[in-house]
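Undergrad: Here is the input, now give the coordinates:
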Amino acid sequence: MSPDPEKWIPPLIAVVGIGTGVRTSSMEALRWIQRAEVLVGGIRHLDFFPDHPGEKIAIRGPLEGVLDAIDAASARRRVAVLASGDPLFYGIGRSLSARFSRDRLHFIPGPTSVQALCAALGRSWDDVQVFSLHGRAPSLAWMWFLRQGHALAFLTDKEHPPRWIAARLHQAGFENHGFCVGEDLGLPSERISVWTPEEASGKDFSPLNVVLVTPRPEGEVRPGVDDAAFLHREGLITKKEVRSVALSLLRLAPGHVFWDLGAGSGAVSVEAALLCPLQSVWAVEKVRERAADIRANARRFRCGEIQVVVDDALQAVSSMPAPDRVFVGGSGGTLSPLLHAIWARLPAFGRVVVSAVTVHTLAELEAFAALEKVRLEAVQVQVSRGVPIGSSLRFEALNPIFLCALEKGGP
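TA: The predicted structure is shown next:
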């Protein structure tokens, strides 16, 4: 049973979601705020209650100092912490729960800015995937959900404003998707506007905003793409059947950072991005014409999480975010030093899969596995494709490929 604010006894802390402002605060939320002797919140939150008689503590600077102040004040006085929206939805509730025991906290939820925007648009939001970009390392995993046909909502910050999202949509080829920005929701300056991604990529918006991206109906693309769908040169493409085996050996999972070294056409990068929501994909190709093909293929399949690096693989290894998974499609004759460089960046339980054509490459892999005392998992992929001959079929063999996987041990 929920506690009664009339019987509120310290050190209980009330964590009150006020939605987008006083107008969207529930009666229950206002009852707890009225009973509080100390209000804690951002400057904007405290400004909603100028006549409140209690002490006011503004959240500024490092949160740890504010948590100390809450702890001290709540020992003898009734403390209410004000939060935008729902404090347990990308809010301060997580930090409070990590600091205080469960019996010290009482949460009063409020409507989120995403709810407020969808309500203003008269749009259901049960199909919306919500992503917070606030104070987080940049991730493009949300591209996968957009390709699956989900609407996306973004909680932004000054490093990742609406124009940052719009620019990536535009670059990835999501030209016809709806791009709606809700600014200053709940305030007299509230504004809701709709743009194309290209238009929004050149606009500045209020720092207080939420973005809603709605997809257009179109055919869904899944892994197992025909080779002919990719732009490539001189047959430099990892064949469809080989890609399938390589992806199974990579064991990609949501949130991974993936490197595709010697990427050629970028077919492996595209298939990896289509498989699951990856944080980022780094396709490294030293030949500029092939790198241009990778960019074209990434845009064709709307894989905006693919970053193309025009460089030698060995040189590029030190400049990219540390990977969880690596595919080596080509090493330019420097496989041994390349493996050592990758291994130095790879975390525990990270995996490397190498495409090998010659027995010399296999020998290098065996020597590296022995040196690092890890198991070498090797698979020969021999594919024959059926081609028409008269009213029947004959089978035409492709060149055999060895796929070799190495997994780095734990601590």
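Undergrad: Find the residue closest to residue 334 in space, skipping its chain neighbours.
TA: residue 314 (5.1 Å; C-beta to C-beta, 6 or more residues apart in numbering). For glycine as for every other residue, the C-beta is placed from the backbone atoms N, C-alpha and C.
Undergrad: Now do the helices in the stretch 151-300 of the chain.
TA: 162-172, 197-200, 240-250, 267-275, 288-300 (DSSP state H, counting those that start in this stretch).
Undergrad: could you say what helices and strands the second one packs with?
TA: Read it as helix 197-200. helix 162-172, strand 178-183 (3 or more C-beta pairs under 8 Å, 6 or more residues apart in numbering; DSSP states H and E).
Undergrad: of all the ones you listed, which lies closest to residue 359?
TA: In terms of C-beta to C-beta, the element of those nearest to residue 359 is helix 162-172, at 40.6 Å.
Undergrad: now what about the closest one, what contacts it?
TA: Applying C-beta atoms under 8 Å, 6 or more residues apart in numbering, the external contacts of helix 162-172 come out as 133, 140, 143, 154, 156, 177, 179, 181, 195, 197-205, 209, 211, 213, 298-299, 302-304.
Undergrad: any idea of the pLDDT on the residue nearest to residue 334?
TA: What the model reports as pLDDT for residue 314 is 94.
Undergrad: Below-threshold pLDDT in this protein: ranges please.
TA: Along the chain, segments meeting pLDDT under 70 span 1, 217-221, 410-411.
Undergrad: swap the cut-off to 50 and go again
TA: For the chain, applying pLDDT under 50 flags no range at all.
Undergrad: Quick check: the gap between the residue nearest to residue 334 and residue 270.
TA: Counting by C-beta to C-beta, to the nearest Å, the gap from residue 314 to residue 270 is 24 Å.
Undergrad: backbone phi and psi for residue 313, please?
TA: Dihedral angles of residue 313 (phi, psi; degrees, to the nearest 10) stand at phi -60, psi -40.
Undergrad: give the contact list for it.
TA: By C-beta under 8 Å, 6+ apart, the residues touching residue 313 are 261, 262, 284, 286, 328, 330, 331, 332, 334, 338.
Undergrad: Mind listing the residues bridging to residue 404?
TA: In this entry, residue 404 is beta-bridged to residue 354, residue 378, by DSSP bridges.
Undergrad: can you tell me which residues contact it?
TA: By C-beta under 8 Å, 6+ apart, the contact list for residue 404 reads 353, 354, 356, 362, 365, 376, 377, 378, 379.
Undergrad: I'd guessed the last one sits against residue 244; true?
TA: Looking back up the chat, that one is residue 379. No. At 11.5 Å, residue 379 does not count as touching residue 244 under the criterion of C-beta atoms under 8 Å.
Undergrad: so what's residue 324 closest to, chain neighbours aside?
TA: In space, residue 324 is closest to residue 256, 4.0 Å off (C-beta to C-beta, 6+ apart).
Undergrad: Let me know whether that neighbour touches residue 326 as I believe.
TA: No. The criterion here is C-beta under 8 Å, and residue 256 misses it with residue 326 at 10.4 Å.
Undergrad: Which one of the two is surrounded by more residues?
TA: residue 326 (26 against 21; other C-beta atoms under 10 Å).
Undergrad: Spit out the contact partners of that one.
TA: Contacts of residue 326 by C-beta under 8 Å, 6+ apart are 258, 259, 260, 261, 342, 346, 350, 351, 352, 353.
Undergrad: Just among those, which is most surrounded?
TA: Going by other C-beta under 10 Å, residue 260 tops the contacts of residue 326 with 31 neighbours.
Undergrad: More neighbours: residue 314 and residue 270, which one.
TA: Neighbours per residue, other C-beta under 10 Å: of residue 314 and residue 270, the larger number sits with residue 270, 28 against 19.
Undergrad: what about the nearest residue to residue 23 once chain neighbours are set aside, how many residues close to it?
TA: Leaving out its chain neighbours, the residue that sits closest to residue 23 by C-beta to C-beta, 6+ apart is residue 186, at 6.2 Å. Residues lying near residue 186 (other C-beta under 10 Å) number 21.
Undergrad: so residue 186 touches residue 18, yeah?
TA: No. The pair residue 186 / residue 18 is not scored as a contact, 9.1 Å apart, by C-beta under 8 Å.
Undergrad: Can you check which residues contact both of those two?
TA: By C-beta under 8 Å, 6+ apart, the residues touching both residue 186 and residue 18 are residue 24.
Undergrad: Disregarding flanking residues, what is the spatial nearest neighbour of residue 240?
TA: Sequence neighbours aside, residue 227 is the residue nearest to residue 240 in space, at 5.5 Å (criterion: C-beta to C-beta, 6+ apart).
Undergrad: Counting neighbours, what do you get for the one you found?
TA: For residue 227, the neighbour count with other C-beta under 10 Å is 15.
Undergrad: quick one, what contacts it?
TA: 237, 239, 240, 267.
Undergrad: redo that, cut-off 10 Å
TA: Residue 227 makes contacts with 235, 237, 238, 239, 240, 241, 243, 265, 267, as judged by C-beta atoms under 10 Å, 6 or more residues apart in numbering.
Undergrad: Please report how far residue 107 lies from residue 258.
TA: Separation of residue 107 from residue 258 (C-beta to C-beta): 38 Å.
Undergrad: repeat for residue 144
TA: Counting by C-beta to C-beta - residue 144 and residue 258 are separated by 12 Å.
Undergrad: ditto for residue 60
TA: Distance of residue 60 to residue 258, computed by C-beta to C-beta: 39 Å.
Undergrad: Please apply the same query to residue 196.
TA: Residue 196 is 30 Å from residue 258, by C-beta to C-beta.
Undergrad: Does residue 119 touch residue 24 like I think?
TA: Yes. Using C-beta atoms under 10 Å, residue 119 makes contact with residue 24 at a distance of 9.4 Å.
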